[in-house]
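J.: below are the sequence and a predicted model; questions follow.
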Amino acid sequence: MKILYAYVENFGKISKQSFDFRTSNPIVIKENNSWGKSTLANFIFSMFYGLPDLRGKDLNDRVRYDPWQGGNFGGLLEIEFEGREYTITRNFEKRTFEFSDNKLKKRVDIIKHHRLDLGGKNLGEILFGVTKSSFEKSLYIRQGDITFSHLEGGINEKLRNTINATDNRHSFEGAIDILKSAVEKISRPRGGGELNDILSNLRLTENSLNECSALESRIAGCQKELEHEKGMLNKAEERLAILEVQISTLNAKDALEIERKKQHGEKKELIDQNLRLLQKEQEDYVAKKTLTQLERIKVEEELILARRNKSRGFGFILLCILTLGVAAIGARKKKKAKEREIKKLIERANALDKQIEELFNEFEKNQKTQNDLMMQKDMIDQTSVSFVPDISIEEAKESKEKGERYVRETLKNISRLETNISNFEMKCEQKDELVGERLSLLAKRKELENKKILLEKTIDFLQKANDELANQYLSPLKNNVVSFLDKFDYKKLNFDFDVDSKLLLGEKNSLSLFKALDYYSFGIKEVLNLCIRMALVKLLFPTSPPPIILDDPFVNLDDEKLAVALNFVKELSKEYQIIYFTCHESRVFD
């Protein structure tokens, strides 16, 4: 590739200037120190790789090249690439970019199978196959920036691709990036990724399954408690039914007891009335009996007297008969009158005895009736004793109220338990689905873990292969550097790279160890690094030599080493386009 022409509309202190790079090779631009040679060099570099955004950390690099005179910030660059000529046009202020084919006179968006991104920031990477920082470490040597301490990533990648005859589409770094992206897509170190998502979902699913298991245990517990509550409810309801019967019975018994007491009272009152009547009758019987007995005694006395008089009359009569005869007839009549009187008295006595006996019988009967009534009264008194139940109606009602409260609470508990069981069962309905989801997640986890292991093994294999490949390009790199060092008469120097691609320097045929470059003089370091950079260019671009931009890199070399360096660059110009900037006549080619 070659740079053919540059037009700087406005870039730093340079304004509206054209530069034709077809005239000679090496192209030497010698101007005063304040002219802006470094500005032009950075313009060419920025046309390939762009300038940093105003929001970026390299803000100073952007501000440094703002147009001093104002106006459009940018310009154009014509190049030859793979046999065709192209024009690069940029406006850094507006961040516009265009890459056009000069022959076709139309814009080109795809170069070497790569699409240009917005703003053309990847143009340099597509054209040269190296990053911006790698370009600065190889093809662009600034004044005072010749120091080279290690092979940075972009150079390593380009060297590997060169040795392996691949392009950027099949680069090692690209492959590693793809594999690492695939690994990070599966699992990122700080969380995230498909595997972490699977694990997170698996934890959630297992938590849900554990919750289902816990809910099943709770359902069993609730069902057991529900059965117990229902059993207790049945017993409580049975007890309430018994209490209802008891209360009804007690109410009925109370009513019967009142009625019974009323009836007993009425019966007792009737008996008392009868007893009073019987006692009155008994008193009458006693009075009658007494009178009758007195009358009987009187009759008895009269009878006794009559009988006595009768005995005397019989003797008198007998005497009269014997003496008087006639007078006896009158006496006989008196006797009969006495006998009739005695007979009447006997009849009266018998009647009184009968009457007394009847009165006695009536009295006995009255007494028996009274005794019967007294027995009936005693029986009434005995049966009038109040019924004393096992539980009072007040206690039964209180027990009923407690039982009804208990039933209400139990019904609430049953409703709560049934609701909980229903809710738990609804949640557990998802268990089969969760089991299936868990099995699916486990299978996906296994698949992703195996895929991750395979990717990591692939990365490890590629890195080992890459290390072996690196050894392939380090050897030709060393050979090229040694051949260049011979031109500077540093044949005794030897160098190597450590595992981090850092440059180490030592002496040939010496037992001393390699040391870091900082241990050596600045002159040796400049020469060595110039040789390394040119050796890198030779390895990086074996088939399509790119332009090399040298911005007065030899200011610190002595005359002897400067002459060798200038001659070295002239030899390089046979293969490469060299754009050489300097501000002093002593550093111009002969």
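T.: The structure has been received and is ready for your questions.
J.: hang on, Asp528 is in a strand, isn't it?
T.: Not Asp; residue 528 is Leu. No - with DSSP: H, G, I helix; E, B strand; the rest coil as the criterion, Leu528 is located in helix rather than a strand.
J.: gap between it and Ser521?
T.: As defined by CB to CB, to the nearest Å, Leu528 lies at a distance of 10 Å from Ser521. For the C-beta atoms, the positions are set from N, CA and C on the backbone; glycine is no exception.
J.: mind checking which of the two has more residues around it?
T.: Legend: neighbour count by other CB atoms under 10 Å for Leu528 and Ser521, higher for Leu528 (24 against 8).
J.: and that one, what pLDDT?
T.: Per-residue pLDDT puts Leu528 at 78.
J.: wait, it sits on Tyr490?
T.: Yes - using CB atoms under 8 Å, Leu528 makes contact with Tyr490 at a distance of 7.4 Å.
J.: quick check on Ile578: phi, psi?
T.: Dihedral pair for Ile578: phi -110, psi 120, per degrees, to the nearest 10.
J.: any idea how far Leu256 is from Met374?
T.: Counting by CB to CB, the gap from Met374 to Leu256 is 26 Å.
J.: go on, Phe97?
T.: Counting by CB to CB - Phe97 and Leu256 are separated by 118 Å.
J.: and Gln223, what pLDDT?
T.: pLDDT, Gln223: 90.
J.: who's Thr87 bridged to?
T.: Following DSSP bridges, Thr87 is listed with bridge partners Glu78, Ser100.
J.: start to end distance for stretch 104-115?
T.: Stretch 104-115 has an end-to-end distance of 18 Å (CA to CA, to the nearest Å).
J.: pLDDT (mean, whole number) over it?
T.: 84.
J.: domain ranges for the protein?
T.: Here the domain parsing of the chain from automatic domain parsing is 1-139+546-590, 196-405.
J.: determine how far the longest one lies from the middle of the whole chain.
T.: Relative to the chain's own centre, domain 196-405 is displaced by 85 Å; criterion: CA atoms, centre = their mean, to the nearest Å.
J.: that older thread, nearest to Phe484 among the domains of the chain would be which one?
T.: Each of the domains of the chain has some distance to Phe484 by CB to CB; the shortest is domain 1-139+546-590, at 7.1 Å.
J.: who has more neighbours out of Phe97 and Leu256?
T.: More neighbours surround Phe97 than the other of Phe97 and Leu256, with 20 against 13 (other CB under 10 Å).
J.: in contact with the more buried one, which residues?
T.: Gly50, Ile88, Thr89, Arg90, Asn91, Leu116, Gly119, Gly120, Leu123 (CB atoms under 8 Å, 6 or more residues apart in numbering).
J.: A strand includes it, no?
T.: Yes - Phe97: assigned to a strand according to three-state DSSP.
J.: quickly note the distance from Gly70 to Lys16.
T.: To Lys16, Gly70 is 12 Å away according to CB to CB.
J.: only C-alpha atoms, please: export stretch 180-199 in PDB.
T.: Provided in PDB are the C-alpha atoms of stretch 180-199 (Å, rounded to 0.1, in the frame of the first residue of the first chain):
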ATOM      1  CA  LYS A 180     -14.300 -16.200  25.400                       C
ATOM      2  CA  SER A 181     -17.500 -14.400  24.400                       C
ATOM      3  CA  ALA A 182     -19.100 -17.800  24.100                       C
ATOM      4  CA  VAL A 183     -17.800 -18.800  27.500                       C
ATOM      5  CA  GLU A 184     -18.900 -15.400  29.000                       C
ATOM      6  CA  LYS A 185     -22.300 -15.900  27.300                       C
ATOM      7  CA  ILE A 186     -22.500 -19.100  29.300                       C
ATOM      8  CA  SER A 187     -21.000 -17.800  32.500                       C
ATOM      9  CA  ARG A 188     -19.500 -14.500  33.400                       C
ATOM     10  CA  PRO A 189     -17.000 -14.200  36.300                       C
ATOM     11  CA  ARG A 190     -19.000 -11.600  38.100                       C
ATOM     12  CA  GLY A 191     -22.400 -13.100  37.500                       C
ATOM     13  CA  GLY A 192     -24.700 -13.300  34.600                       C
ATOM     14  CA  GLY A 193     -24.700 -15.500  31.600                       C
ATOM     15  CA  GLU A 194     -26.900 -18.300  30.400                       C
ATOM     16  CA  LEU A 195     -25.500 -20.800  33.000                       C
ATOM     17  CA  ASN A 196     -26.000 -18.300  35.900                       C
ATOM     18  CA  ASP A 197     -29.500 -17.700  34.600                       C
ATOM     19  CA  ILE A 198     -30.200 -21.400  34.500                       C
ATOM     20  CA  LEU A 199     -28.800 -21.800  38.000                       C
END
